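Novice: Sequence plus the predicted model coming up.
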There are 2 protein chains.
Amino acid sequence: MTTFVVVGGDAAGMSAASKAKRDDPDLDVVVFEKGEWVSYGACGLPYYIKGEIQSIERLVSVTPEQFREERDIDLRTGHEVVGIDPGDRTVTARSNGEETVLSYDSLLVATGAAATEPPIEGLDLDGVYTLGSMTDGKELREFVARSRETSPIDQPDSGPACQYLEDCSGPVGIVGGGYIGVEMAEALAENGFEVHLFQRGDRVLKGFSDATSEAVADHLDEQAVSVYLNAEVEAVDGRDAVQAVVTADERVPAEMVLIGTGVRPRTDLAEDAGIELGPTGAIATDAHRETSVEDVYAAGDCAEAEHVVTGDPVYVPLALTANRHGRAIGRTVAGTPTEGGGIAGTAALKAFEIEAARTGVLDHDEAHDAGFEPVTETIEAKSRAGYYPEGGTVRVTLTADRDSGQVLGGSLASEYGEGAVHRSHALVGAVTEGVTLGDLSNYDLAYAPPFNTTWDPILTAAKVLESKL
Amino acid sequence: MTTFVVVGGDAAGMSAASKAKRDDPDLDVVVFEKGEWVSYGACGLPYYIKGEIQSIERLVSVTPEQFREERDIDLRTGHEVVGIDPGDRTVTARSNGEETVLSYDSLLVATGAAATEPPIEGLDLDGVYTLGSMTDGKELREFVARSRETSPIDQPDSGPACQYLEDCSGPVGIVGGGYIGVEMAEALAENGFEVHLFQRGDRVLKGFSDATSEAVADHLDEQAVSVYLNAEVEAVDGRDAVQAVVTADERVPAEMVLIGTGVRPRTDLAEDAGIELGPTGAIATDAHRETSVEDVYAAGDCAEAEHVVTGDPVYVPLALTANRHGRAIGRTVAGTPTEGGGIAGTAALKAFEIEAARTGVLDHDEAHDAGFEPVTETIEAKSRAGYYPEGGTVRVTLTADRDSGQVLGGSLASEYGEGAVHRSHALVGAVTEGVTLGDLSNYDLAYAPPFNTTWDPILTAAKVLESKL
């Protein structure tokens, strides 16, 4: 019997296991997961903490029982893989002090990522949190729930604690203005906390365009979230528990601090087995997601992948890539060699009543390094026909190559519901296919007054940037 | 001085005039428009008739005065062009019984389309309307307003007359289940009319997929619009004014009938001048929208254009194409030869609380004629993450070529606000670029729980159809 062993039971691992077993039911598929949760939607944690999702189990798309019984996968939770021997083609897993050694024909390393710990004093104090796992999510939800209980005001049974209140809880600090930081600013503010968000650089969401960052920061400000830019946090201050966040310039009181400064790939296991890392520090793979070791694959938040615009390896740990690459590996292992495709660095988020998305290459240094001469322009346009009784504003940033006109990247922001995120789908196609601004501006996009102006804002952005080349 | 003459002052004509004058201020630009309205958004008429837009002037994006004073265009409203002489390079226009003969260096024929009159008896009765012009829109709005006045119930000052009422007006008939018919069903039903919609074929919105047609028809039914399929209207019945719609099977009382059976290109002027029509019956043009006569261009609802998938000429009279091709002609005339691009047959609409879009080739006969072996599949998927507290369902139909996997067309429907229309933008790119299902399913589309599932419904549709090839 042929055995496919998977290390790590989240998106990449379970996608690969499910697809492999489905395509080849004779395959023996074994998944080792060190924790108890598998196939969970970590992206939903901010909404669980906020109180919009009542049970953390709702974030689990398929339960361990379903994987075992319905999909016939040998899923072993509570099993930590402690060694891979590519020579013998075995993995060693540990559970409750006992070791199991299992032979594999194909192996997937899907060990995920861990929250980074920045060089800040006081991170061991009570009241310092990260948000990298389901357990982290539960702890943050409990923190919010405790604040609700100690609040003197009657709370509704469900929903954000303070949806009818201006302020029922104390000040909290968030270190890091990426998506976790911004989404958690909403989750905490909507529960009545006074939120202080500290960003080391000069804008939030640094992977997005300047204009998108500004739109989001302005909106956070309108929602009474205090955003501190160019604010490197030096210490979290307190006796036993957190009392304040300290930067070079100020000391801001806080009864809780969330560290949201990004993640790093978990590569120890792969490195110990002699599997090569790439220039990003994540596991290197080829187009089939195979590592430097034959029949050993890597996917998800521990691995890098090639960028569709530059062709260079990049590390962008996000859910769709994990699912897509996991599925491709599953097909490959089951006998149909499948490339999972590159990544465009696409990302999206909602924060209060604003939505934003980005894709491709926006950073001019990155574009120069890849041999392009980048030009960037941002337009503001109505999200629906001017005469239509509802609507808002879409801001579209496009970056293109001056010589060829090739679309390199895009970034959009709009009011929530006005379509910045779904409109970004068209730009993902444009950057993936390498189309020019001239081609894009001629796209026969759908138009009707309740959805856009005759020229959708994407087309307007393409026309305006083309005129600047 | 070089003179650019434009016949027709709506989207194509005014786009061309504006762009030509902007790019080459020395150009003499003369526009003849037989009516008084120019550059109006006819697509907004259903919302004006519904009562969501209070003044018809709001549909005008640029006024005649602005064109004359700000854009320095010699706009002559109330001037009907009655002849083109390509030999002499002149046009003859008539106004108040006087004729003007003007020489041109370049000429644009943008004479638009007229509502078709199907072979139905009784179309001369009072109470029979079409919706092809601003005047038609005013008349329909007045009909709705009269019904409001005669209603015994106090009306709010603005908004649909019967937004708080079950039924305050009588029965009305709509002949034709295309977008005008469906949008007007909403406009009239929201004003309290009992709406009967008659469709000759076996489904509404025949250019969309079967699944989209069904979703829209089901929704119309939920909104108490009576939809009659396979119902060829034989006569409109009444003494002086309309009293009923008569089909082979039944006689349905109606106090008003709207004929919405499509439009035909206005080509008489071009034909008289010896300009060739294409196989669709609209004016034939090349990639620069030049007609068979040198320096005479045609664009907008009177002209055909090539389909991006099949390369064949098609007649799809819609606003964006008119704007885009008009603009391209303006650039060309001003010295920069510009192709306006093909069309994908993209269309979108909202009806009550449902939205729908379509693009590319969905019809199997059309696909076969173009040398493809079409395969079609429809999926239903959640519009947001399953655990997210809001959301609905997106139905995505994709058609692809069995051999190559090339995406030929797509059709989507969702609840209003759940993104069917903006998601269609990605499919326009896919059909325009000729990407395969495999490529599309690997697109790194934006994902976040408030906007979609990890695999956006578009990706799921691509995966499912690919598995059926």
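Specialist: Yes, it's here.

Novice: Every contact and neighbour count from this point should use C-alpha atoms.
Specialist: Fine.

Novice: In chain A, which residue is most central in space?
Specialist: For chain A, the residue sitting closest to the mean C-alpha position, by CA atoms, centre = their mean, is residue A:318 at 4.2 Å.

Novice: Tell me the spacing between that one and residue B:371.
Specialist: According to CA to CA, to the nearest Å, residue A:318 stands 40 Å off from residue B:371.

Novice: What of residue A:232?
Specialist: 62 Å.

Novice: which one of those two has more residues nearby?
Specialist: More neighbours surround residue A:232 than the other of residue A:232 and residue B:371, with 18 against 11 (other CA atoms under 10 Å in any protein chain shown).

Novice: Now the top helix by length along chain A - C-alpha only, PDB.
Specialist: Criterion DSSP state H: the longest helix present in chain A is helix A:134-150. Included here for helix A:134-150 are C-alpha records, laid out as PDB according to Å, rounded to 0.1, in the frame of the first residue of the first chain:
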ATOM      1  CA  MET A 134      -7.500  28.800  18.100                       C
ATOM      2  CA  THR A 135      -6.300  28.800  21.700                       C
ATOM      3  CA  ASP A 136      -5.100  32.400  21.300                       C
ATOM      4  CA  GLY A 137      -8.600  33.200  20.000                       C
ATOM      5  CA  LYS A 138     -10.300  31.600  23.000                       C
ATOM      6  CA  GLU A 139      -8.100  33.500  25.400                       C
ATOM      7  CA  LEU A 140      -8.900  36.800  23.800                       C
ATOM      8  CA  ARG A 141     -12.600  36.000  23.700                       C
ATOM      9  CA  GLU A 142     -12.400  35.200  27.500                       C
ATOM     10  CA  PHE A 143     -10.600  38.500  28.100                       C
ATOM     11  CA  VAL A 144     -13.400  40.400  26.300                       C
ATOM     12  CA  ALA A 145     -16.100  38.300  28.200                       C
ATOM     13  CA  ARG A 146     -14.500  39.200  31.500                       C
ATOM     14  CA  SER A 147     -14.600  42.900  30.700                       C
ATOM     15  CA  ARG A 148     -18.300  42.400  29.900                       C
ATOM     16  CA  GLU A 149     -19.000  40.800  33.200                       C
ATOM     17  CA  THR A 150     -17.200  43.500  35.200                       C
END
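
Novice: helices and strands around it, which ones?
Specialist: In terms of contacts (3 or more CA pairs under 8 Å, 6 or more residues apart in numbering or on different chains; DSSP states H and E), helix A:134-150 is packed against helix A:45-50, strand A:128-130.

Novice: Any chance of these in TSV with mean pLDDT, distance to chain B and mean neighbour count as columns?
Specialist: Below are the helices and strands packed on helix A:134-150 laid out as TSV (pLDDT from 0 to 100; distance: least, CA to the nearest CA, whole Å; neighbours: other CA atoms under 10 Å in any protein chain shown):
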stretch	mean pLDDT	distance to chain B	mean neighbour count
helix A:45-50	96	8	26
strand A:128-130	96	20	21
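
Novice: so which of those comes closest to residue B:26?
Specialist: Residue B:26 lies closest, by CA to CA, to one member of the helices and strands packed on helix A:134-150: helix A:45-50, at 59.2 Å.

Novice: what does that closest one contact?
Specialist: With contacts defined as CA atoms under 8 Å, 6 or more residues apart in numbering or on different chains, helix A:45-50 is touched by A:53-56, A:59, A:134, A:137-138, A:140-141, A:144, A:159-160, A:180, A:183-184, A:186-188, A:190-191, B:388.

Novice: Residues of the stretch 1-150 of chain A that sit close to chain B?
Specialist: Proximity of the stretch 1-150 of chain A to chain B, by CA under 8 Å from any CA of the partner chain, involves residues A:43-44, A:47, A:52-53, A:58-59.

Novice: Restricted to helices, list those.
Specialist: residue A:47.

Novice: Pick out the most distant pair among the residues of the stretch 1-150 of chain A next to chain B.
Specialist: It's A:43 and A:52 that sit farthest apart of those, by CA to CA, at 13.4 Å.

Novice: and the stretch 251-400 of chain A, which residues reach chain B?
Specialist: Going by CA under 8 Å from any CA, the residues of the stretch 251-400 of chain A near chain B are A:319-321, A:323-324, A:340-350, A:357-359, A:387-389.

Novice: Just the buried ones out of those, please.
Specialist: The neighbour-count test (16 or more other CA atoms under 10 Å in any protein chain shown) marks A:319-321, A:323-324, A:340-350, A:357-359, A:387-388 as buried among those.

Novice: Look up how far residue B:313 lies from residue A:184.
Specialist: Remark: distance between residue A:184 and residue B:313 (CA to CA) = 53 Å.

Novice: Neighbour count for the two, which is higher?
Specialist: For the pair residue A:184 and residue B:313, the greater number of neighbours falls to residue A:184 (25 against 21), based on other CA under 10 Å.

Novice: Identify the residues contacting that one.
Specialist: residue A:46.

Novice: Show me the shaky parts of chain A.
Specialist: Scanning chain A for pLDDT under 70 picks out the ranges A:149-168.

Novice: CA atoms of stretch A:201-212 as PDB?
Specialist: Extracted in PDB, the C-alpha atoms of stretch A:201-212 (Å, rounded to 0.1, in the frame of the first residue of the first chain):
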ATOM      1  CA  GLY A 201       6.200  52.500  10.000                       C
ATOM      2  CA  ASP A 202       4.600  55.600   8.600                       C
ATOM      3  CA  ARG A 203       1.300  54.000   7.600                       C
ATOM      4  CA  VAL A 204      -0.900  51.000   8.400                       C
ATOM      5  CA  LEU A 205      -1.300  48.100   6.000                       C
ATOM      6  CA  LYS A 206       2.100  48.700   4.400                       C
ATOM      7  CA  GLY A 207       1.500  46.100   1.700                       C
ATOM      8  CA  PHE A 208      -1.400  48.200   0.300                       C
ATOM      9  CA  SER A 209      -1.100  51.400  -1.500                       C
ATOM     10  CA  ASP A 210      -0.500  54.700   0.300                       C
ATOM     11  CA  ALA A 211      -4.000  55.800  -0.700                       C
ATOM     12  CA  THR A 212      -5.500  52.600   0.700                       C
END
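
Novice: Could I get the full set of strands for the stretch 351-469 of chain A?
Specialist: Assigned by DSSP state E, counting those that start in this stretch, the stretch 351-469 of chain A shows strands spanning A:354-360, A:374-382, A:393-401, A:407-415.

Novice: List of residues touching the shortest one?
Specialist: Taking CA under 8 Å, 6+ apart as the criterion, the residues outside strand A:354-360 that touch it are A:207-209, A:212, A:216, A:219, A:308-309, A:344-350, A:408-417, A:419-421, A:424, A:427-428, A:431, B:446.

Novice: That one pairs with which strands, and in what direction?
Specialist: Under the criterion DSSP bridges, strand A:354-360 sits next to strand A:347-351 (antiparallel), strand A:407-415 (antiparallel) in its sheet.

Novice: Comparing those, which comes out most buried?
Specialist: Compared across the strands paired with strand A:354-360, strand A:407-415 shows the largest average neighbour count, a mean of 30 (mean count of other CA atoms under 10 Å in any protein chain shown).

Novice: Now do that strand and strand A:374-382, the angle between them.
Specialist: Counting by axes from the mean of the first three to the mean of the last three CA atoms, to 10 degrees, strand A:407-415 points 30 degrees away from the direction of strand A:374-382.

Novice: outside of strand A:407-415, which residues touch it?
Specialist: Residues from elsewhere that reach strand A:407-415 (CA under 8 Å, 6+ apart): A:208-209, A:212, A:215-216, A:309, A:353-362, A:367, A:383, A:392-401, A:420-421, A:424, A:427, A:430-431, A:434-437.

Novice: And the residue of the stretch 301-450 of chain A closest to chain B?
Specialist: At 4.1 Å from chain B, residue A:426 is the closest residue in the stretch 301-450 of chain A, using CA to the nearest CA.

Novice: What is the burial count for that residue?
Specialist: By other CA under 10 Å, the residues close to residue A:426 number 26.

Novice: contacting residues for residue A:13?
Specialist: Residues in contact with residue A:13 (CA under 8 Å, 6+ apart) are A:6-7, A:31, A:108-110, A:299, A:326.
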